[in-house]
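*Asks:* From the sequence below, what's the structure:
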Amino acid sequence: MASAFEFSITTTPFDEDYTPSESSRITTNFANLARGERRQENLRSTLTMIDRRFNDLAHWDNPTRDRYTLELEIVSVQLRTSADDEAQPFPLLEVLDTRIIDRHTGARHHGIVGNNFSSYIRDYDFSVVLPAAKDGTGAPALPRDFGVLHGRLFQHFLDSDVYRQRFPQAPVICISVSTSKTYHQTGNSHPVLGVEYQQDEHSLTDEYFGKMGLRVRYFMPRGSVAPLAFYFRGDLLNDYSNLQLISTISTMETFQKIYRPEIYNANSAAAAVYRPSLGAQDFSRTQISYDREERSQLAVTQGKYAQEHFIEPNRELLEQWTAGDPVLVA
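*Replies:* Model prediction:
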């Protein structure tokens, strides 16, 4: 019995010549960097930062710190409902895939898929649904089914033949820690991921990723100044090699230094009890142009796009599918 949804994948190299396609979600970290007069300079500098951080962490048998380079690829996932074969596929999500190149041996190693995560439906949830949600008194409220559709679609994609035939491992998504929570350093330490932090309660983002079937752990790698949030299926510490974990750290820490320098390019490292803040003043800016305000504005625009082009035209189908209609989920 056919599923209600069909997935397809396209890929685009993320290099100094990258230009966002018309269908690419323009609020992604990589798309924002690739616009404007300094686009190629931005991209070249970003890729250099990634490679330098990778070689800094992969220091064994690497005395000159230039043994490795990363190739990055943007993975764009399209979704089509089986009820309407004539409709244009909807751009469901985008992630990054990494490949590790060993310049000494010529070997090419699989990295980790995931890393950056971008989703029109997540924009719809956080920029359209959440601001409009009220309780009986008119006060802001969290909808009971908030994130359920997005989470089920994401897990449906990971369990699909399209994903499994392309990627041998589950994804790891790496983002900033929440500025609304306090993190406490533990006694646990990993040789690559670094010192582990924990928090007393999950953030809304943690809960949202939980509905995607992903658990979270927080680590501050050696040489970093703040912990990163790692979302994963399975076993983060044992399912991936050290080089694979380094590929994610070096890529996403670089993006965070550009996007959130107040946290990830701070001039002093996080303390044992740490509350991140975008209001911090003791930090250094990179020389890479990035428009954070524009990015937030575009999230609203693209959330409304998802509402108009996917949610509303397919509302009845989506409600039946998320309710577990056996005809649709088989």
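*Asks:* Could you report the neighbour count for residue 105?
*Replies:* Counted with other C-beta atoms under 10 Å, residues neighbouring residue 105 total 8. Glycine gets a C-beta too; all of them are placed from N, C-alpha and C.
*Asks:* Phi and psi next, for the closest residue to residue 179 other than its chain neighbours.
*Replies:* Excluding the flanking residues, the one nearest residue 179 by C-beta to C-beta, 6 or more residues apart in numbering is residue 276, at 5.1 Å. Dihedral angles of residue 276 (phi, psi; degrees, to the nearest 10) stand at phi -70, psi 150.
*Asks:* what residues are up against residue 276?
*Replies:* Residues near residue 276 by C-beta atoms under 8 Å, 6 or more residues apart in numbering: 176-179, 183, 226, 263, 270.
*Asks:* Can you show me the strands along this protein?
*Replies:* 5-14, 68-81, 90-102, 108-119, 172-176, 183-190, 194-199, 215-220, 228-232, 273-274 (DSSP state E).
*Asks:* Quick check: which helices or strands does the first one pack against?
*Replies:* For strand 5-14, the elements it packs on are strand 68-81, strand 90-102, helix 148-158, helix 161-166, judged by 3 or more C-beta pairs under 8 Å, 6 or more residues apart in numbering; DSSP states H and E.
*Asks:* who does it pair up with?
*Replies:* strand 68-81 (antiparallel) (DSSP bridges).
*Asks:* The strand it pairs with versus strand 90-102: what angle between them?
*Replies:* 160 degrees (axes from the mean of the first three to the mean of the last three C-alpha atoms, to 10 degrees).
*Asks:* If I take strand 68-81 and helix 148-158, what angle do their directions form?
*Replies:* Put simply, strand 68-81 runs at 120 degrees to helix 148-158, going by the same axes, to 10 degrees.
*Asks:* just the angle between strand 68-81 and strand 108-119, please?
*Replies:* Calculated by the same axes, to 10 degrees, strand 68-81 forms an angle of 50 degrees with strand 108-119.
*Asks:* How far away from the center of its chain is strand 68-81?
*Replies:* 12 Å (C-alpha atoms, centre = their mean, to the nearest Å).
*Asks:* repeat for stretch 185-199
*Replies:* With C-alpha atoms, centre = their mean as the basis, stretch 185-199 stands 21 Å off its chain's centre.
*Asks:* And stretch 42-55, by the same measure?
*Replies:* For stretch 42-55, the distance to the chain centre is 18 Å (C-alpha atoms, centre = their mean).
*Asks:* okay, it in PDB with CA atoms only?
*Replies:* What follows is stretch 42-55 as a C-alpha-only set of coordinates in PDB (Å, rounded to 0.1, in the frame of the first residue of the first chain):
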ATOM      1  CA  ASN A  42      32.300  35.200   2.600                       C
ATOM      2  CA  LEU A  43      32.200  31.700   1.200                       C
ATOM      3  CA  ARG A  44      35.900  31.400   0.800                       C
ATOM      4  CA  SER A  45      36.500  32.600   4.400                       C
ATOM      5  CA  THR A  46      33.900  30.400   5.800                       C
ATOM      6  CA  LEU A  47      35.300  27.300   4.200                       C
ATOM      7  CA  THR A  48      38.800  28.200   5.300                       C
ATOM      8  CA  MET A  49      37.600  28.600   8.900                       C
ATOM      9  CA  ILE A  50      36.000  25.100   8.700                       C
ATOM     10  CA  ASP A  51      39.100  23.500   7.400                       C
ATOM     11  CA  ARG A  52      41.400  25.100  10.000                       C
ATOM     12  CA  ARG A  53      39.100  24.100  12.900                       C
ATOM     13  CA  PHE A  54      38.900  20.500  11.500                       C
ATOM     14  CA  ASN A  55      42.700  20.200  11.400                       C
END
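*Asks:* Contacts for it, please.
*Replies:* 14-18, 33-34, 36, 62, 65-70, 72, 100, 223, 246-247, 249-251, 253-255, 257-258, 286-290.
*Asks:* and the strands of the chain as TSV, adding distance to residue 40 and mean pLDDT?
*Replies:* Converted to TSV, those look like this (distance: least, C-beta to C-beta, whole Å; pLDDT from 0 to 100):
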stretch	distance to residue 40	mean pLDDT
strand 5-14	13	93
strand 68-81	15	94
strand 90-102	19	95
strand 108-119	20	94
strand 172-176	25	97
strand 183-190	36	96
strand 194-199	33	97
strand 215-220	32	98
strand 228-232	28	98
strand 273-274	36	97
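*Asks:* can you tell which of these is closest to residue 300?
*Replies:* Comparison of the strands of the chain against residue 300 by C-beta to C-beta identifies strand 108-119 as nearest, at 14.3 Å.
*Asks:* Listing request: residues of the stretch 201-330 of the chain with sub-threshold pLDDT.
*Replies:* Within the stretch 201-330 of the chain, the stretches with pLDDT under 70 are 289-296, 325-330.
*Asks:* hmm, back to that, quick one, which of the contacts of stretch 42-55 are buried?
*Replies:* 14, 16, 18, 33-34, 62, 67-70, 72, 100, 246-247, 249-251, 253-255, 257-258, 286, 288-290 (16 or more other C-beta atoms under 10 Å).
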